[in-house]
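> sequence first, then the predicted structure, then my questions.
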Amino acid sequence: MFQSQSYEGLAKSELYELLAEQLPALLEAEPDPLANMANAVALIYHALPEVNWVGCYRLRKGELVLGPFQGRPACTRIALGKGVCGLAAAERRTVVAPNVHEFPGHIACDAASRSEIVAPLVLDGCLLGVLDLDSPVVDRFDAEDRKGVETLARILAGSLGFCD
């Protein structure tokens, strides 16, 4: 069963470990993929410091379509290969943009965002979408964030159970 907890004062590694414990408990009893995406992004958004947007894009008919998110309104559709999200989806790998304004082809949805990390949501070799985190801080995401976000993306993908 999921129980909320305070995240203040935790080291980054401890924070991601706690989220990796909490996320399965939050998702385990719910079969609906959109409900699971919504709860996952809310958990991550409220736990991680210095993020201004957390959301999912779902793969639909060959393009990424906005799913549940926390933050300001976002771009609705993203072509595969375009921007940070589209690149992560097309290459099925996590992409970190230390400074989005220097990232070739960056799609600016929120002018306040300065850095971004996007992990693909893959289940049994099937691309389901991406998990996208933005920050108003340049160079916010490091190797520890990559490892943590990839773990959370694997957990979330395992709860989605669908493929386009």
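Okay, I see it. Worth saying up front: this structure is predicted, and the values here are computed from it rather than measured.
> for the residue positioned nearest the centre of the chain, give me its contacts.
Residue closest to the average C-alpha location in the chain (CA atoms, centre = their mean): Leu131, at 2.4 Å. The neighbourhood of Leu131, defined by CB atoms under 8 Å, 6 or more residues apart in numbering, consists of 40-41, 54-56, 118-121, 149, 152-153, 156. C-beta: built from backbone N, CA, C; applies to glycine.
> helix or strand for it, which one?
Per DSSP states H and E, Leu131 falls inside strand 126-135.
> helix or strand next in line after that strand, which one?
helix 143-158.
> before we move on, the earlier item: give the buried residues for the strand holding Leu131.
By 16 or more other CB atoms under 10 Å, the buried positions in strand 126-135 come out as 127-135.
> just stretch 97-112 next, same as before
For stretch 97-112, a neighbour-count test (16+ other CB under 10 Å) marks 97, 100, 103, 106-107, 109-110 as buried.
> check the offset of it from the chain's centre.
With CA atoms, centre = their mean, to the nearest Å as the basis, stretch 97-112 stands 16 Å off its chain's centre.
> for that stretch, measure first residue to last.
14 Å (CA to CA, to the nearest Å).
> pull the residues that contact that stretch.
Residues external to stretch 97-112 that are found in contact with it (CB under 8 Å, 6+ apart): 52-53, 71-75, 78, 82-87, 113-117, 134, 136, 138-139, 141.
> now the buried members of those residues.
Buried among these by 16+ other CB under 10 Å: 52-53, 71, 74, 78, 82-87, 113-117, 134, 141.
> and which of the buried residues of stretch 97-112 is nearest Pro31?
Cys109 (30.0 Å; CB to CB).
> check the spacing between Leu34 and Leu18 real quick.
Per CB to CB, to the nearest Å, Leu34 is found 25 Å from Leu18.
> ok, for Thr76, nearest residue in space, not its chain neighbours?
Ranked by CB to CB, 6 or more residues apart in numbering and with sequence neighbours excluded, the top spatial neighbour of Thr76 is Leu66, at 4.9 Å.
> mind listing what whatever helix or strand Pro68 lives in pairs with, with the direction of each?
In this assignment (DSSP H and E), Pro68 forms part of strand 63-71. On the basis of DSSP bridges, the sheet neighbours of strand 63-71 come out as strand 53-60 (antiparallel), strand 77-79 (antiparallel).
> picking that back up, the inter-axis angle of the strand holding Leu131 versus strand 63-71?
With axes from the mean of the first three to the mean of the last three CA atoms, to 10 degrees as the basis, strand 126-135 and strand 63-71 are set at 40 degrees to each other.
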